[in-house]
Every structure is written in structure tokens, then in C-alpha cells.
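S.K.: The following block contains a protein sequence and its predicted model.
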Amino acid sequence: MESPASRRLTPQDYKTLSLAALGGALEFYDFIIFVFFAAVIGELFFPADIPEWLRQLQTFGIFAAGYLARPLGGIVMAHFGDRVGRKKMFTLSILLMALPTLAIGLLPTYATWGIVAPILLLLMRVLQGAAIGGEVPGAWVFVAEHVPARRIGIACGTLTAGLTVGILLGSVVATLVNTSMTQAVIHDGGWRIPFFIGGVFGLIAMYLRRWLQETPVFVAMQQHKALAEELPIKTVVTQHKKAVVISMLLTWLLSACIVVVILMSPVWLQKQHGIAPALTLQANSIATIMLCIGCLLAGLAADKFGASKTLIVGSLCLAVSSWVFYHFSARYPEELFLLYGLAGLGVGVVGAVPYVMVRAFPAEVRFTGLSFSYNLSYAIFGGLTPIFVTVMMSVSSLAPAWYVLALALVGVAVGLWLRQDISHADALPEAPVQQP
């Protein structure tokens, strides 16, 4: 008879993973679609007579506000996730993302409401930031506490791949809008369509999540009255410093790799090597798909070989594949798709990151510990990485290659550190088999 720890995933597990990944993809789409239409939003939500640089600065400042709101939103939602339930916060996060996204599509512009328009836009971005701050850590915790202990890697890898699909979906929708409409039509209202799509599908995903069940781990803690007795954040900061440091370093690896290799590289290829924008975007789509595959492979490897070996080997693959991509993509442009695809696959090592983080904190403060570490690190490195790499490029055009190489060394170092006993894996109770 199959033991709980080694049991296969049940239909209920697959439903949980599917709904979590779908919601995560749509929520990530809602969060990043703003950047694809930043230019037209800047023209519509700020005075026409201000300098262009100031308009761009204000527009991207509003975009960045979403990142700055992540830590606070994530910590607040995680607090209640550890005290009243994972499922409630998991559902709230997608509602908190869908409504502001829908609202952005309905907002009046500066020409109609004046200064109130950009203020409302800023408020919607803050709400989106708070939502994404709770969604990603909450989703990782939710699926990890549902599946068998030996399937946590593939569960978290699948969810991370789903988040990546959200980025790809945003790119595809933006491309379709820009190729099927003239700039005048987009300016007159076409830009609103992607926000309507994101808001509506987000509400549908929220409705579907009502069929999910509370995690067996949280239910067991409730029954045994084992919930955190003091503020979860206080416990995390005072008693789990090593876990916080490990999680922040891994979040740096995750966030910066995606920002540099996936989000910044198309512009780098265009500006540094004169490669056509259409070609770089096609190559970027291939890299993003390969990233999804890489996340799944990293999750499987973490289950089979452990986090330490997966991070060490995966980070070395990241170092080699990214170095080859940045050094040879201009020299052999006919191999761009292959080189960029391999780099995207190398970045897939980030699929093992949540496996480590959900096991680094005991169950009673898991949501808070993961959310605090992830969102604080993401706010710092997600925001500063583009600036730092851009400044470095004034010294060397290969600055992205050196930065990713440094991140790969961080991954190797963390993999070696994980050989020490910092994991609370024994605190992750086995989820019982659920009947479909």
C-alpha cells in the first residue's frame, strides 16, 4: 500500500495545481501588462506640455509603485494567511488584483479629470502591488501544503512556470493589439482592451478558486491549536534569520535573472547589436517558453536529487548558457533563437527556489516568513537591478553577462550552504490523500 509521502498526485492535487497556476498566470499578466502600454498611458494620464523625460519618469514611477507596495501588502496578507487560513488570502489576492486592473481600463484620462486621473492610476498600481505581494508566496505555500512531501518540487515548479506564462501572455496580447490596431485607435481606447481582458479573466479565476479546499496542513494546525500565538512576523525576524537570508538570496537570483535575461535582453540586443525588434521579441518568446520548461525540470530535479544539488548544477548551467548567449548572439545572429532559448532554459533553475523557501520555515509562520523574505528582496533587487545593469553598461556592453554570472555564483553558494541543516522540512506535515 502506497505511503502518504510517496503517493502519486491525485486528481484533486492536479485540480489544485491547475487552478493555482492559472490564477497566478492571470495575476502576473495583470501586474505587468502596464509596462507594455507605458508610452500611451504616459501620453494620456499626464499633461501634454511637460517634457518627454518627465512624462516617462512619472509613468514608470507609477509602475514602480506596484513594486514598493509589495512588501507591505504581502506581509499583511501573509499575517492573516497564517492566522485565519491560506485559502481566504489566496482568493482575496486575485480579487485585489482583478478589480484594480479592470478599473485601470475604465479610468478617465488627464484630459477629462485632470490631476485626479494619475492619482487614481497610482492608487490602482498600489493595490496591484499589494495583491501580487500576497499572491506569489501564498500560491507556493498553498500548493506545497496540498501535495505529498516528495512532490513539492514539481508543484512549486509548475506554479512558477505558470507565473512565467503570465509574462508571455502579456507580451502576446500587447503584440496582437499593436499589430491589429493603428496607433491612433490604440490611443483612442484600444489600450484599455488588455486591462479589460485581465480584469474579467481574473474575476473568473477567482470564482474558480472557490472550489479549492483549505490546505490539510493549516487544518491540522487549527485542530491541534498550533497556530502562531504571537505576531508571525516577530517570530520570523527573531527566530528564523538564516531562513530569511537564504530566501532573500534566492529571491535575488529569481527576480534578477528574469529581469535581466527575459525582460532586458531584447532591448540590449536592439541597442547594442542592432538586431531588429521583431526578431528579438520572437527570440524572447522562445526564451520565455524554455524558461517555463526549465522551471518544471528544476522542480522535478529538486524532488529527485534535493535542493542543494539542483541549485549547484542548475546555477552552473545558467552561468554557461547565459555567457554563451551574451557573447555569441551578435557574432552568430542566425543562431539567436537557439542561444536565447538555451539561456531561458538556464534561467529555469529559479523553479527550485520556492521548493527551498517553503521548507525553510515551520508551518505556523511559513506564509509570513516566505512573504517577508520574498517581497522585501524583490522590492530591492527587482527595482535596483535594471538601474545597476544600465549603469554598468556604460563601462562594458557585456554588463548583463557579468551580472548573471554573479547571480549564478550566488546560486552555487546557496546550494553549498543548504548542505547545512537550515531546513524545517520536518515541520511540513504530510498532506493526506484527498478524494477527488
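M.R.: Sure thing, it's come through.
S.K.: ok, the residue nearest the centre of the chain - contacts?
M.R.: In the chain, the centroid-proximal residue (CA atoms, centre = their mean) is residue 163; its distance is 5.6 Å. Contact analysis of residue 163 by CB atoms under 8 Å, 6 or more residues apart in numbering lists 24, 25, 28, 136. Every residue, glycine included, has its C-beta placed from N, CA and C.
S.K.: Determine which two of those residues are furthest apart.
M.R.: 25 and 136 (11.5 Å; CB to CB).
S.K.: The strand or helix carrying residue 24 - contacts with which helices or strands?
M.R.: Assessed by DSSP states H and E, residue 24 sits inside helix 11-36. Counting contacts by 3 or more CB pairs under 8 Å, 6 or more residues apart in numbering; DSSP states H and E, helix 11-36 is packed against helix 52-68, helix 86-106, helix 116-144, helix 152-180, helix 192-209.
S.K.: let's see 6 Å
M.R.: helix 86-106, helix 116-144, helix 152-180, helix 192-209 (3 or more CB pairs under 6 Å, 6 or more residues apart in numbering; DSSP states H and E).
S.K.: quick one: the least confident helix or strand in the chain by mean pLDDT to helix 116-144, angle?
M.R.: Lowest by mean pLDDT, DSSP states H and E among the helices and strands of the chain is helix 52-68, with a mean of 77. Going by axes from the mean of the first three to the mean of the last three CA atoms, to 10 degrees, helix 52-68 is angled at 30 degrees with respect to helix 116-144.
S.K.: hmm, back to that, residue 25 and residue 136: which is more packed in?
M.R.: Counted by other CB atoms under 10 Å, residue 25 and residue 136 do not tie: residue 136 has more neighbours, with 28 against 23.
S.K.: where does this structure have low pLDDT?
M.R.: Scanning the chain for pLDDT under 70 picks out 1-7, 225-230, 383, 420-436.
S.K.: Tell me the buried residues in the strand or helix carrying residue 289?
M.R.: In the assignment (DSSP H and E), residue 289 maps to helix 277-305. Under the neighbour-count criterion of 16 or more other CB atoms under 10 Å, helix 277-305 has 280, 282-303 buried.
S.K.: quick one, what contacts residue 348?
M.R.: When contacts are counted by CB atoms under 6 Å, 6 or more residues apart in numbering, residue 348 touches 291, 294, 295, 298.
S.K.: was I right about the third one contacting residue 156?
M.R.: I take that to be residue 295. No - counting by CB atoms under 6 Å, residue 295 sits too far from residue 156 to count as a contact (8.8 Å).
S.K.: follow-up on the earlier one: which elements pack onto the least confident helix or strand of the chain?
M.R.: Checking 3+ CB pairs under 6 Å, 6+ apart, helix 52-68 ends up next to helix 38-45, helix 116-144.
S.K.: Can you give me the buried ones in the shortest one?
M.R.: It refers to helix 38-45. Neighbour-count burial for helix 38-45 flags 39, 40, 41, 42, 43, 44, 45 (criterion: 16+ other CB under 10 Å).
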